[in-house]
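Colleague: Quick one, fold the following:
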Amino acid sequence: RPMLTVLRRSLVANAQLSVQPHRSIFTLPTLQFGLATGVHPLFTPEGLQCIRRHHESVVDSLNAHIAIQPRFENQPLEHVVKASRFDATQRAVYSFSSQHWNLCFFMRCLRPNTADANPELEAEVTKELVHRFHDKSPFESVKAQFEEHVLAAFGSGWVWLTVSPAGKLTVLSTTGADTPLVAGHTPLLGLSVWEHAYLTDYGFDRQMYLQQFWKSVDWNFVRSVARMLV
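Modeller: You can find the predicted model right below:
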């Protein structure tokens, strides 16, 4: 599977890389929604701004480490993530690059405020996912697994709906800044369970956070990533 090609296409506007002499500079993604409006109904402006401040800190730290690591200069983000993952001397580069990728992907999974929630589109896309990846369970079962992972998560991390290396729909959790990319999975959907992502708007009510997340998913994006895999 042309993993790098798929991920570059799906994140083309979200993991931007601008090159200056002798240095790679990663930047914050361009959002589909305004910081002043939030992401309806998932995040208020205050909640979204909290995530954005965290993301800015991650990018600043990544660039600081990249500046003293010539081997990572002028490299695409997913290459930096994978190249640093299994190098014990590059744990900081891995943590900040993978968290940058995760946050970019998370923001892209959310529909713009100009698009209304569309239950018919969700039903159409989820049915296609089950058929395309030969899952014998209805999507409601997959969704229930996803929710179980979110509610059971301890500490900071992420919950993902992915396509596994074997081509199957898979729900999995990663801790801290880890990403499923390094295990050969292709994410279709991701949700942050870092506290900064939900405390501002939901306190410790992850159940409500989940409910509002499902109402905010950009199912057109999910389908576009899935279709590039076949």
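
Colleague: CA atoms for contacts and neighbours, from now on please.
Modeller: Noted.

Colleague: Show me the helices in the protein, by range?
Modeller: 3-10, 45-66, 77-85, 91-108, 119-132, 139-152, 195-202, 206-214, 219-227 (DSSP state H).

Colleague: Of those helices, which stretch is the most buried?
Modeller: For the helices of the chain, the largest average neighbour count (mean count of other Cα atoms under 10 Å) is found in helix 91-108, namely a mean of 23.

Colleague: what angle separates that one from helix 77-85?
Modeller: Calculated by axes from the mean of the first three to the mean of the last three Cα atoms, to 10 degrees, helix 91-108 forms an angle of 150 degrees with helix 77-85.

Colleague: on contacts alone, who are the packing partners of helix 91-108?
Modeller: Using 3 or more Cα pairs under 8 Å, 6 or more residues apart in numbering; DSSP states H and E, the elements in contact with helix 91-108 are helix 45-66, helix 77-85, strand 186-192.

Colleague: make it 7 Å
Modeller: Helix 91-108 makes packing contacts with helix 45-66, helix 77-85 when contacts are defined by 3 or more Cα pairs under 7 Å, 6 or more residues apart in numbering; DSSP states H and E.

Colleague: Rebuild those helices as a markdown table, extending it with mean pLDDT and distance to R206.
Modeller: Shown next, in a markdown table, are those (pLDDT from 0 to 100; distance: least, Cα to Cα, whole Å):
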| stretch | mean pLDDT | distance to R206 |
| --- | --- | --- |
| helix 45-66 | 97 | 14 |
| helix 77-85 | 96 | 29 |
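
Colleague: of the ones you listed, which approaches F106 most closely?
Modeller: For F106, the closest of the helices and strands packed on helix 91-108 is helix 45-66, at 10.7 Å, according to Cα to Cα.

Colleague: now the angle from that closest one to helix 77-85?
Modeller: Per the same axes, to 10 degrees, the angle that helix 45-66 makes with helix 77-85 is 60 degrees.

Colleague: Any buried residues in stretch 107-114, and which?
Modeller: By 16 or more other Cα atoms under 10 Å, the buried positions in stretch 107-114 come out as 107-113.

Colleague: circling back to that earlier point, and the helices and strands packed on helix 91-108 as TSV, adding distance to T174?
Modeller: Shown next, in TSV, are these (distance: least, Cα to Cα, whole Å):
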stretch	distance to T174
helix 45-66	18
helix 77-85	14
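
Colleague: Out of these, which is closest to Q99?
Modeller: Of all those, helix 45-66 comes closest under Cα to Cα, at 7.2 Å.
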